[in-house]
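[1] Here is a sequence with its predicted model. Questions after.
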Amino acid sequence: MTRSQILKGWELKGLEKFIAPLAALLAFVYLFQWYITGELRSTSDPVFPAKLPPLVMKGGDPHIRALMRTISASESNHQRPYSLLYGGQHVQDLSRHPEICVTIVNGPNQGNCSTAAGRYQIINTTWFRIAPKYHPKPGRFVFWSSYSFDAEYQDAVVYRWLSDSQVWGTDISQLLRQGKVNQVLKLLSPTWTSLGYGIENNSMSSHLPRIYQKMLQEELKSATPAR
């Protein structure tokens, strides 16, 4: 046996020491995932590593809260979503809706511009329509009102909006409790097109029902008082 053959033998033995533990670790990860979620999937699946930041808002229906986090997974998948503008830039001033119109570079609306901002990528006209109805602490001066776009108010306005059955023609929370996640996403897709069913999708759209289930488990766990 030559010297090179001996060295190759040592290298293979060294690799074997790492391969077995690595295989065991991967098997454990997949089995643990199966135990928690009831299904196995690749680590390349966006659901697998999804760690969406919690809402700033405290309390509320865990099903609506999970839906809000699911919407943000598709609309503003970022660890700092509340200050996010369409296109990826951030703003510092959230005392009001930023109203910054960013050019759309692809998709069916290419060439136009979007004022979408915040965790739920709400455009300015939508914010000025829903904020007067759902904002918990509007600023008022004589006949003039202002609506802070701070994180807690983005959450509060969207939570109340989604909870208003008169707006959507149905009780969204009840549909979610019945497991009709796809029906809810379809209902909301004209407002948030990235949810699927609308004029455009993104890489997260098809994974949203499973992301919702993951978010719901986190919200239910957080809502359960510690014993």
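    Noted; the coordinates are in hand. This one's a predicted model, so the numbers in the text were calculated from it and none came from an experiment. Numbering: from 1, shown residues only.

[2] drop to CA atoms for contacts and neighbour counts, all remaining ones
    Noted.

[3] Other residues contacting the helix or strand hosting residue 221?
    In this structure, residue 221 sits in helix 208-223 according to DSSP states H and E. Helix 208-223 is contacted from outside by 47, 50, 59, 62-63, 65-67, 69-70, 73-74, 181-182, 195, using CA atoms under 8 Å, 6 or more residues apart in numbering.

[4] count of neighbours near residue 82?
    By other CA atoms under 10 Å, the residues close to residue 82 number 25.

[5] Surely residue 127 and residue 99 touch.
    No - using CA atoms under 8 Å as the test, residue 127 is too far from residue 99 to be in contact (9.9 Å).

[6] So between those two, which is more surrounded?
    Ranked by neighbour count (other CA under 10 Å), residue 127 and residue 99 place residue 127 first, with 22 against 15.

[7] now the more buried one, nearest residue through space, not along the chain?
    Nearest in space to residue 127, with sequence neighbours left out and distances taken as CA to CA, 6 or more residues apart in numbering, is residue 97 at 7.5 Å.

[8] circling back to that earlier point, just the buried members of the contacts of helix 208-223?
    With burial judged by 16 or more other CA atoms under 10 Å, the buried subset of these is 47, 62-63, 65-67, 69-70, 73-74, 181-182, 195.

[9] From these, which one has the minimum pLDDT?
    Among the buried ones among the contacts of helix 208-223, residue 47 carries the weakest pLDDT, at 44.

[10] Break the protein into its domains for me.
    1-40, 62-223 (automatic domain parsing).

[11] dump the residue contacts of residue 163.
    For residue 163, the contacting residues are 64, 171, 172, 173, by CA under 8 Å, 6+ apart.

[12] Model confidence at the first one, what's the number?
    According to the model's per-residue confidence, residue 64 sits at a pLDDT of 98.

[13] picking up where we left off before, tell me the one of the buried ones among the contacts of helix 208-223 nearest residue 80?
    Among these, residue 73 lies closest to residue 80 (CA to CA), at 11.8 Å.

[14] State the three-state secondary structure for the spatially most central residue of the chain.
    The residue lying closest to the centre of the chain (CA atoms, centre = their mean) is residue 73, at 2.0 Å. The local conformation at residue 73, judged by DSSP: H, G, I helix; E, B strand; the rest coil, is helix.

[15] the strands in this protein, which residues?
    Applying DSSP state E to the chain gives strands spanning 102-103, 113-114, 139-141, 144-146.

[16] Name the spans of the chain whose pLDDT lies under the cut-off.
    The model of the chain has pLDDT under 70 over residues 1-51, 198-202, 224-227.

[17] Could you tell me how many residues sit around the residue lying closest to residue 181 once chain neighbours are set aside?
    Excluding its sequence neighbours, the residue lying closest to residue 181 (CA to CA, 6+ apart) is residue 209, at 6.2 Å. Using other CA under 10 Å, residue 209 has 21 neighbouring residues.
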